[in-house]
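Q: have a look at this prediction, sequence included:
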Amino acid sequence: MTTARDLVQKAHKKISVLGQGSTLTNEEINDGFDEMNAMIAQWSTDGALIFTETKETFSLSGATSYTIGSGQTFNTTLPRDIKAAYVSENGFDTPLSLMDNVEYAGISDKDLTGTPEKIYFDGNYPTGNIYIWPVGYSYTTLTMFTEKPLTSFSSLTTTFEMPLEYETAIIYNLAVRLAPDYEKEASQTVKTIAKDSLAAVSRQNKKNNNNKVAVDSAFLGSGTYDINTGQVR
């Protein structure tokens with residue numbers, strides 16, 4: 001199984017820092033590891049580079065807003081974005097439209113009680129806030145389809161667990177990023193593969209997103225979705 005250490009070592013080989021039979025110093029391997037995680041964190045800001053869509057359900061309490069993040073009211077990994085959402089009440093699902101801050105600020109009665117129609121996520125870090133309008137009832141549940149940041153490697157022995165197309169993208173793009181640290185410049189071949197492999201990841205994820213939209217379309221249109229019949233009313 002490929003590990004984080006393997007990826008860092010392969011990246012160094014692409015810029016001729018690590019030769020056959022040689023080893024990296026602890027400082028070099030750790031610097032490469034940190035740079036790789038920084039690169040993955042940067043990729044997480046681009047939705048086209050995120051391959052996972054997470055479906056999660058939370059209970060509402062009738063509050064106007066809920067914190068989301070590790071240890072928060074909605075205790076989960078802080079999402080990058082909400083792609084779709086619906087609420088469930090008495091066996092029926094109702095799709096929610098996504099609001100921005102301007103639309104939410106324009107609501108005069110933010111404490112209005114009723115079946116929720118809209119949702120706003122402020123994207124704050126490290127704790128985000130989700131606003132529901134109308135606020136719903138204590139028996140209302142909220143289901144969200146979200147994009148979560150790519151998971152960084154926790155240690156050098158962490159196993160690579162991403163789609164296979166990410167491995168080439170990580171190795172070659174990391175090589176390009178590491179080269180200046182050794183007063184080098186990656187070869188044009190390495191740069192081309194880095195660019196092409198990252199574009200391939202983006203294209204594949206866009207295909208996956210198109211498939212997800214088709215699956216989730218029942219929750220995106222107007223009307224109420226009946227989970228018992230599978231029809232929109």
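A: That came through fine.

Q: from here on, just use CA atoms for contacts and neighbour counts.
A: Fine.

Q: which secondary structure element of this structure has the lowest mean pLDDT?
A: strand 225-226 (a mean of 36; mean pLDDT, DSSP states H and E).

Q: skipping its backbone neighbours, what lies nearest the most centrally placed residue in the chain in space?
A: Centroid-nearest residue in the chain, with C-alpha atoms, centre = their mean: residue 148, separated by 2.5 Å. Excluding the flanking residues, the one nearest residue 148 by C-alpha to C-alpha, 6 or more residues apart in numbering is residue 79, at 4.5 Å.

Q: what sits against the one you found?
A: Residues in contact with residue 79 (C-alpha atoms under 8 Å, 6 or more residues apart in numbering) are 69, 123, 146, 147, 148, 149.

Q: number of residues surrounding residue 157?
A: 12 (other C-alpha atoms under 10 Å).

Q: from what I can see it touches residue 7, true?
A: No: Residue 157 is beyond contact range of residue 7, at 10.6 Å (criterion: C-alpha atoms under 8 Å).

Q: where do the helices of this structure begin and end?
A: 4-14, 26-43, 101-105, 165-178, 188-216 (DSSP state H).

Q: gap between the third one and the chain center?
A: Read it as helix 101-105. Relative to its chain's centre, helix 101-105 lies at 24 Å (C-alpha atoms, centre = their mean, to the nearest Å).

Q: buried set for it?
A: residue 104 (16 or more other C-alpha atoms under 10 Å).

Q: partners of the longest strand anywhere in the chain, with directions?
A: Using DSSP state E, we find that the single longest strand of the chain is strand 81-89. Counting by DSSP bridges, the strands paired with strand 81-89 are strand 92-95 (antiparallel), strand 141-147 (antiparallel).

Q: tell me which of those is the most buried.
A: strand 92-95 (a mean of 24; mean count of other C-alpha atoms under 10 Å).

Q: from residue 121, how far out is the residue nearest to residue 148?
A: 10 Å (C-alpha to C-alpha, to the nearest Å).

Q: how about residue 67?
A: Relative to residue 121, and taking C-alpha to C-alpha, residue 67 is found at 10 Å.

Q: which neighbours do those two share?
A: With C-alpha under 8 Å, 6+ apart as the test, residue 67 and residue 121 both reach 128, 129, 130.

Q: nearest to residue 83, of these?
A: Of all the shared contacts of residue 67 and residue 121, residue 83 sits closest to residue 130, with 13.3 Å by C-alpha to C-alpha.

Q: ok, now which ones touch residue 72?
A: So residue 72 contacts residue 127 (C-alpha under 8 Å, 6+ apart).
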